[in-house]
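K.L.:
give me the fold of what follows.
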Amino acid sequence: MKKLKILVLNKKERLYSSNRTIDRILESLKEKIPCEDFWILTESGQGDLSGYDSSPILKNYKFFEDYKTNNIIKILEQEEPDVILISNDYDFWSRSFLLAAKFKKIPTVLLMQFGFDYAWKRNDSIIRGRLTHFKERAKFLLGKYFLLLRTYRNIGKGFSYILKKIFSDLIDTFSQFEPSGRYGCDLILVHNERLKNTIEKINSNSKIIITGDPQMDSIISKIINHSSSSLKKENSKQKVVFLTTSMIEHGLWTQNMWEETIKQVLLEIQKNLNSKIDIVLKIHPSSEKKMEYEKLLKRYHLKVPIFQTEDLVDILDDADFIISYGDTWALWESLLLKKPILMINLFNYPVDMMPFVKENIAYEVTDISQIKEIIPKLNTINLDDPKIKKFIEKYLYRLDGKSGERSADAILELINARKS
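P.N.:
Just a heads-up that it's a prediction; the model follows:
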């Protein structure tokens, strides 16, 4: 029996850091049918990979540049995939593959399984973030956009059509959080009903399926079977994990907001709580750079351990409570481990953008001096099971360990329908 070939489009960072959403879906697919995954990565390995010091974890992959062609139709004819998985992105490169796939009648699946729909409202930050991104990487981005225009020509679109697309892209790119939902993948997989409803307002062509969060499947199993090894000594310091996330990269924060938040939290603890607290930083495993944090800590003479790719459950389990800001998927793992959460909001960031605060799952700090007052109260948060269940259903549909299976079933249904 011929194996199903799954082509996955992703960024170069995937070489060194797993994408748990895609990995879980692929695992579920392989449990159901003989198949193999093949990855095409958007950039060559010659780019900036500082902060990644491990060996590549992918085996079946090529960089886009390895094909020595800008005709994506030829690439698809060479690889002959049965389905294409596209990560949640507004990248012109991904759109080029989508256009060529439609032309070749290859089914496409967009993974928009990131949970919250609130970011669509943050157009001011989005514009600022993308302008900064364009300034820093104009040559690269323009090259990918010309690839998109070339793909329009390769599938037979005329110049008047392309001119209209250039105009609409200019508007959408600097006004929409995730315009990729507009571009007509055959199937879009989402976390929850709120996100499904949001996408339906801008897209009536794609089939949209609610799956929950595949990246949480393995974590749920691990947490259920996890045995805590931490033994709390009487009168010992409290252990705190400061969870960070890539708010700048997503255009939601400025560089100053990030720096001031990290700096003020750590300096406040060093000044007023050093005898009571041991704190560590756990930064995003792929979207943040460890050296940026090292520079920041050195500038303010702070000595704080930094973790990036280490096992998150083990790090969180050892904590007495969690400090974070904005939102990060690691907060869900903290919630499942029943860890009190303290959210830092020094810049009047909208509470609607912080669901853990909005739903009274976490404490909010709006002035750094509040930390020493709130910490003694953290253990009084009543994280009862009905409250957690209601919160999960609203934002993540289900945490039952079967989100990857639901995703795989939807993908196979799409492929079988296309073949029949």
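K.L.:
how near is residue 365 to residue 242?
P.N.:
Distance, residue 365 to residue 242, by CB to CB, to the nearest Å: 12 Å. All C-beta atoms are positioned from the backbone trio N, CA, C, and that covers glycine.
K.L.:
go on, residue 276?
P.N.:
Here residue 276 is placed at a distance of 15 Å from residue 242 (CB to CB).
K.L.:
who has more neighbours, those two?
P.N.:
residue 242 (23 against 14; other CB atoms under 10 Å).
K.L.:
could you list the low-confidence segments of this structure?
P.N.:
1, 43-54, 88-90, 113-133, 174-182, 203-204, 225-235, 249-251, 379-383 (pLDDT under 70).
K.L.:
switch to 50 and redo it
P.N.:
Residues of the chain meeting the criterion pLDDT under 50: 45-51, 115.
K.L.:
residues touching residue 219, list them.
P.N.:
Counting by CB atoms under 8 Å, 6 or more residues apart in numbering, residue 219 touches 20, 313, 332-333, 336.
K.L.:
turn these into a markdown table, including secondary structure.
P.N.:
Below are the contacts of residue 219 laid out as a markdown table (DSSP: H, G, I helix; E, B strand; the rest coil):
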| residue | secondary structure |
| --- | --- |
| 20 | helix |
| 313 | helix |
| 332 | helix |
| 333 | helix |
| 336 | helix |
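K.L.:
any idea which of those is closest to residue 150?
P.N.:
Relative to residue 150, the closest of those is residue 20; by CB to CB it sits at 33.6 Å.
K.L.:
what is the burial count for residue 68?
P.N.:
Residues lying near residue 68 (other CB under 10 Å) number 5.
K.L.:
ok, now residue 326?
P.N.:
If you count neighbours by other CB under 10 Å, residue 326 ends up with 22.
K.L.:
give me the distance between it and residue 395.
P.N.:
From residue 326 across to residue 395, the span is 15 Å (CB to CB).
K.L.:
next: residue 411.
P.N.:
23 Å.
K.L.:
please apply the same query to residue 93.
P.N.:
Using CB to CB, residue 93 is found at 30 Å from residue 395.
K.L.:
so these two - more neighbours on which side?
P.N.:
Set residue 93 next to residue 395 and count neighbours by other CB under 10 Å: residue 93 wins out with 23 against 20.
K.L.:
ok, how many other residues are close to the residue nearest to residue 20 when sequence neighbours are not counted?
P.N.:
Sequence neighbours aside, residue 215 is the residue nearest to residue 20 in space, at 3.5 Å (criterion: CB to CB, 6 or more residues apart in numbering). Using other CB under 10 Å, residue 215 is surrounded by 21 other residues.
K.L.:
the closest residue in space to residue 134 that isn't next to it in sequence: neighbour count?
P.N.:
The spatial neighbour of residue 134 that comes closest, neighbours along the chain excluded (CB to CB, 6+ apart), is residue 141 at 5.9 Å. Summarising burial for residue 141: neighbours were counted as other CB under 10 Å, giving 17.
K.L.:
quick check: residue 141 vs residue 101, distance?
P.N.:
Going from residue 141 to residue 101 by CB to CB gives 22 Å.
K.L.:
now swap in residue 41 and tell me
P.N.:
Taken as CB to CB, the span from residue 41 to residue 101 is 17 Å.
K.L.:
now swap in residue 312 and tell me
P.N.:
Distance of residue 312 to residue 101, given as CB to CB: 34 Å.
K.L.:
and residue 58, by the same measure?
P.N.:
To residue 101, residue 58 is 21 Å away according to CB to CB.
K.L.:
neighbour-wise, which of these two wins?
P.N.:
Higher neighbour count among residue 58 and residue 101: residue 101, with 22 against 15, using other CB under 10 Å.
K.L.:
am I right that that one is in a helix?
P.N.:
Yes - judged by three-state DSSP, residue 101 forms part of a helix.
K.L.:
quick one: contacts for it?
P.N.:
76, 84, 107-108.
K.L.:
and which of these is nearest to residue 415?
P.N.:
Among the contacts of residue 101, residue 107 lies closest to residue 415 (CB to CB), at 5.8 Å.
K.L.:
tell me the contacts of the closest one?
P.N.:
By CB under 8 Å, 6+ apart, the residues touching residue 107 are 82-84, 101, 186-187, 414-415, 418.
K.L.:
10 Å instead, please
P.N.:
Counting by CB atoms under 10 Å, 6 or more residues apart in numbering, residue 107 makes contact with 81-84, 101, 185-187, 411, 414-419.
K.L.:
what's the helix or strand for residue 262?
P.N.:
Assessed by DSSP states H and E, residue 262 sits inside helix 255-272.
K.L.:
how far does the helix or strand following that helix sit from the chain's center?
P.N.:
Toward the C-terminal end, the helix or strand that comes next after helix 255-272 (DSSP H and E) is strand 277-282. Put simply, strand 277-282 sits 23 Å off its chain's centre (CA atoms, centre = their mean, to the nearest Å).
K.L.:
what angle sits between strand 277-282 and helix 255-272?
P.N.:
Interaxial angle, strand 277-282 versus helix 255-272 (axes from the mean of the first three to the mean of the last three CA atoms, to 10 degrees): 160 degrees.
K.L.:
pull out the buried residues from the following helix or strand past strand 277-282.
P.N.:
Downstream of strand 277-282, the first helix or strand assigned by DSSP H and E is helix 290-299. For helix 290-299, a neighbour-count test (16 or more other CB atoms under 10 Å) marks 290, 292-293, 296-297 as buried.
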